[in-house]
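A.B. asks: Kindly generate the corresponding structure for this input.
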Amino acid sequence: MKKDAVAYLVTRRRGDIEHQREVLEQFCKYRFTINTVFNDHRAASTPPRKRDGYNAMLQYCREHMAQFVIFLSLSDIARNPENGIDEIHSLISEGFVPFFAKNDFIGYVDNPELRTEAIGHFVEYMGTYAERVRKAQSTSPRQESRTKGAIGRPKALNEGQIEALITVRRSGTSISQICRMFNVSRSTVSKILTDYPELKGEWKGRRQDAEEAGSE
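C.D. replies: Below is the predicted model of the structure:
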């Protein structure tokens, strides 16, 4: 039996809403019935809880006991990855179960309890990683190499950071966002994704970044 759900979309250009609805319908075909669609236009850089459409969606869910919320992708919750992770944590803490019509790497789509648990593990992992990044920012890789007596050019990212980069890329985060988040160049990201063509290929032609630039 299909479950009742609400959807939240962030549009950047005219005509986006129609395309995004098609993606939603394909994702929900055998799983969900969307009762209401909420939308904010050109609000990706605004924190979720400061958006009119997002707050209207939360209010609707609370009043109608709606548990399932469908987003187009994880990156649509917030342009800043840390803000997005914080918001996901808030959602599951309030009893909501978020789904992503694109690039949903969490799994357990048909099991809300296991899905919520998996999302919780992901949020915990990303929170731990973010804390490590904040601590590491006080010491640059070049300074660390001098301290440890390393010879040669230091790596831009360590193994843990590379793992986190791949994780957020799988979640749908754009290359531009990743460059800003990890403070690395596009060429560095390209080298890291060499062994992951399915992730690298999504941004060939820079179409996704061009769309984001046009929305700013």
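A.B. asks: Run a quick neighbour tally on A164.
C.D. replies: If you count neighbours by other Cβ atoms under 10 Å, A164 ends up with 23. C-beta coordinates here come from the backbone N, C-alpha and C atoms, glycine included.
A.B. asks: let me fix that: K2
C.D. replies: Neighbours around K2, by other Cβ under 10 Å: 11.
A.B. asks: who's in contact with it?
C.D. replies: Neighbouring residues of K2 by Cβ atoms under 8 Å, 6 or more residues apart in numbering: C28, Y30, R31, F32, T33.
A.B. asks: pLDDT at it, what is it?
C.D. replies: Listed pLDDT for K2 reads 89.
A.B. asks: and what of the one 4 residues further on?
C.D. replies: On the pLDDT scale, V6 is placed at 96.
A.B. asks: Please type out the PyMOL selection for whichever of the contacts of K2 turn out to be buried.
C.D. replies: To isolate the buried members of the contacts of K2 in PyMOL, using 16 or more other Cβ atoms under 10 Å:
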select buried, resi 28+32
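A.B. asks: Of all the contacts of K2, the one with the weakest confidence?
C.D. replies: Lowest pLDDT among these: Y30, 87.
A.B. asks: That one and I77, how far apart?
C.D. replies: With distances taken as Cβ to Cβ, to the nearest Å, Y30 is found 24 Å from I77.
A.B. asks: ok, which pair from the contacts of K2 is furthest apart?
C.D. replies: For those, the maximum inter-member distance is 10.7 Å, found between Y30 and T33 (Cβ to Cβ).
A.B. asks: What residues sit buried inside stretch 45-57?
C.D. replies: Quick answer for stretch 45-57 (16+ other Cβ under 10 Å): T46, P47, P48, R51, G53, Y54, M57.
A.B. asks: What segments of the chain are strands?
C.D. replies: 3-11, 32-41, 68-71, 97-100 (DSSP state E).
A.B. asks: Output those strands as CSV; include the columns distance to I85.
C.D. replies: Output for the strands of the chain, formatted as CSV (distance: least, Cβ to Cβ, whole Å):
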stretch, distance to I85
strand 3-11, 17
strand 32-41, 19
strand 68-71, 13
strand 97-100, 12
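A.B. asks: between the ones you listed, which one is nearest to G160?
C.D. replies: For G160, the closest of the strands of the chain is strand 97-100, at 24.3 Å, according to Cβ to Cβ.
A.B. asks: can you list contacts of the closest one?
C.D. replies: Contacts with strand 97-100, where a contact means Cβ under 8 Å, 6+ apart, come from 5, 27, 32, 67-74, 77, 88, 91-92, 106, 109, 112, 115-116, 119, 171-172.
A.B. asks: which among those end up buried?
C.D. replies: 5, 27, 32, 67-74, 77, 88, 91-92, 106, 115-116, 119, 171-172.
A.B. asks: residue contacts, R170?
C.D. replies: Applying Cβ under 8 Å, 6+ apart, the residues contacting R170 are N103, F105, L199.
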